[in-house]
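Colleague: I'd like to go over a predicted model; first the sequence, then the structure.
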Amino acid sequence: MKKLKGFLRLASVALALAGGVAAAMTPQERSALDLSGYHVNNPTVALFDVPTRRAYLATTQDAMLRKRITALRAGPNCAAAMAMPVISGALFTPKFYEDRAAWRQAATIYHGFEDTVDELSAGALVANDDRHGICVLTMLQHWAEQRAFLDFTPETSGIQTWFQIESSLTAAALSYMQVRDSIAGMDTEKKTIENWLFAVAKMHLARQGGADGSCCNNHFYRRALYAEIIGVLTRDDALFRIGVSAVYSALSDSNADGALRLEMARGANAAKYQVYATMYLVTIAQIAKLQGYDLYQLSDGDRSLDTIIGYSLAVLRSPDHAAADAGTADQNTEFAQEDQYLVWLEMLADHPAYKDSVAEFLKDKRPSYNRSLGGDITLYFYKN
């Protein structure tokens, strides 16, 4: 494996689980990493190769995929998509763990946007015409012209709004990336969208997050993901390298067994957030792979992305596996039954070390869906 040499020595990874504070790689330490060897090499591909996957889906006889293709070809009504209220980012969003009902109500507009662009871009992949793709570009151009998300301010919008924008920006970037090169023309619309995505990313990344975790835990991995995607589609190496830096940072934060210390600090939700964090790290590695970089080859001694994945698979089988690292045996177990926490396994189906685990966890969960990762992940990766 490629050694991280001095890179990870920049990070202090001490954690006293009994009430201590994790000191993972800080934003300043991430910025000090020498990632100059990483470049955007293929600006036409993000999560998967669209022409190759379209050709596969056009001839598949798999009943599950055929059923989903039929549903997507009908697709959402473009007029309804265009009529959705544009999210300014200015409105306050209650915190998820403080008022679940109020959060759910406030988050509905974000979820609606994500579901809509996810479904439209999936429809564009399998449709026999360009209407879904044109709708994606038209809708995103409208949101760009209306400066969606750009009115966010930490003081009034609140940290939960900052969190909501993470997944909405990822959904928008992935949706755009999937249709951009499939639709001829519309160059003005495309330029407007790319400038907007870049501006929102820069605005959102300007806030580093708190030392309580949001600077460096799963939320950083979510920000790193959209940065990586937008870096690819705008040919911006600096944004792309933010995505790569997330894997370096995760290795610095991990125990020898693969437990991510900042996620273990979540107590009863440690197992849930270990898997949640791994989901974004694997997606980051998938995007880097298509740019020619194997982030699985990175290691720091006995720690690697494979180590983190192995631990996450163990807690999916039994969330109590995280009890010792988290300092509590009362682990949340409900997440292990939700397909949104399993979709990242689709990206590992071709990896010999994980083939059996993918079959084990996804056999009754397909087609799996996660709005914050582009929606129809089974549609994009599954091969019968």
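Modeller: Everything's here; your move.
Colleague: any low-confidence regions in this structure?
Modeller: Where the chain drops to pLDDT under 70, the residues are 1-23.
Colleague: give me the domain ranges for it.
Modeller: 1-7+23-45+213-337, 49-207 (automatic domain parsing).
Colleague: to residue 369, which of those lies closest?
Modeller: Residue 369 lies closest to domain 49-207 among the domains of the chain, at 8.1 Å (Cβ to Cβ). For glycine as for every other residue, the C-beta is placed from the backbone atoms N, C-alpha and C.
Colleague: what's the span of the closest one from first residue to last?
Modeller: For domain 49-207, the first-to-last residue distance is 32 Å (Cα to Cα, to the nearest Å).
Colleague: does residue 270 touch residue 322 like I think?
Modeller: Yes. The pair residue 270 / residue 322 is scored as a contact, 4.5 Å apart, by Cβ atoms under 8 Å.
Colleague: neighbour count winner among these two?
Modeller: residue 322 (31 against 28; other Cβ atoms under 10 Å).
Colleague: give me every residue that touches the more buried one.
Modeller: 259, 264, 270-271, 274, 315, 331 (Cβ atoms under 8 Å, 6 or more residues apart in numbering).
Colleague: repeat for residue 200
Modeller: By Cβ under 8 Å, 6+ apart, the residues touching residue 200 are 148-150, 165, 169.
Colleague: so which strand or helix has it?
Modeller: helix 187-205 (DSSP states H and E).
Colleague: what helices or strands is the very next helix or strand once past that helix leaning on?
Modeller: On the C-terminal side of helix 187-205, the nearest following helix or strand under DSSP H and E is helix 218-233. Contacts defined by 3 or more Cβ pairs under 8 Å, 6 or more residues apart in numbering; DSSP states H and E place helix 218-233 against helix 159-180, helix 187-205, helix 237-253, helix 270-290.
Colleague: name the helices or strands packed onto the helix or strand just after the last one?
Modeller: Right, the one you point to is helix 270-290. Downstream of helix 270-290, the next assigned helix or strand under DSSP H and E is strand 298-300. Packing partners of strand 298-300 (3+ Cβ pairs under 8 Å, 6+ apart): strand 2-3, helix 237-253.
Colleague: and these as JSON lines, adding distance to residue 207?
Modeller: Output for those, formatted as JSON lines (distance: least, Cβ to Cβ, whole Å):
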{"stretch": "strand 2-3", "distance to residue 207": "31"}
{"stretch": "helix 237-253", "distance to residue 207": "14"}
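Colleague: of the ones you listed, which is nearest residue 95?
Modeller: helix 237-253 (23.4 Å).
Colleague: contact partners of the following helix or strand past the closest one?
Modeller: Under the assignment DSSP H and E, the closest C-terminal helix or strand after helix 237-253 is helix 261-264. Helix 261-264 is contacted from outside by 13, 15, 17, 22, 24, 213, 216-218, 253-255, 270, 273-274, 276-277, 322, 325-327, using Cβ under 8 Å, 6+ apart.
Colleague: picking up where we left off before, so which of the helices and strands packed on strand 298-300 is nearest residue 53?
Modeller: It's helix 237-253; of the helices and strands packed on strand 298-300, that one is closest to residue 53 (Cβ to Cβ) at 21.3 Å.
Colleague: what separates the closest one from the chain centre, distance-wise?
Modeller: 13 Å (Cα atoms, centre = their mean, to the nearest Å).
Colleague: packing partners of it?
Modeller: If contacts are counted by 3+ Cβ pairs under 8 Å, 6+ apart, helix 237-253 sits against helix 27-31, helix 187-205, helix 218-233, helix 270-290, strand 298-300, helix 305-317.
Colleague: ok, which of the helices and strands packed on strand 298-300 comes nearest residue 110?
Modeller: Using Cβ to Cβ, the nearest of those to residue 110 is helix 237-253, at 21.7 Å.
Colleague: residue 384 and residue 286, how far apart?
Modeller: 20 Å (Cβ to Cβ, to the nearest Å).
Colleague: neighbour count winner among these two?
Modeller: Neighbour comparison, residue 384 and residue 286: the larger count goes to residue 286, with 21 against 8 (by other Cβ under 10 Å).
Colleague: which stretches in the stretch 51-200 of the chain count as helices?
Modeller: Assigned by DSSP state H, counting those that start in this stretch, the helices in the stretch 51-200 of the chain fall at 63-74, 78-82, 100-126, 131-145, 154-157, 159-180, 187-205.
Colleague: and the spatially closest residue to residue 183 that is not a sequence neighbour, what does it touch?
Modeller: For residue 183, ignoring the flanking residues on the chain, the nearest one in space by Cβ to Cβ, 6 or more residues apart in numbering is residue 133 at 4.5 Å. By Cβ under 8 Å, 6+ apart, the contact list for residue 133 reads 120-121, 124, 127, 179, 182-183.
Colleague: isn't residue 332 right up against residue 267?
Modeller: No. Using Cβ under 8 Å, residue 332 makes no contact with residue 267, being 9.5 Å away.
Colleague: ok, so what distance separates residue 349 from residue 42?
Modeller: Here the criterion is Cβ to Cβ. By it, residue 349 lies 22 Å from residue 42.
Colleague: between those two, tell me which one has more neighbours.
Modeller: Taking other Cβ under 10 Å, residue 349 and residue 42 do not tie; residue 349 has more neighbours (15 against 11).
Colleague: for residue 102, see how far away that one is.
Modeller: 39 Å.
Colleague: same check on residue 213?
Modeller: 22 Å.
Colleague: those two - which one has more neighbours?
Modeller: residue 213 (20 against 15).
Colleague: that concludes my questions; thank you for your assistance.
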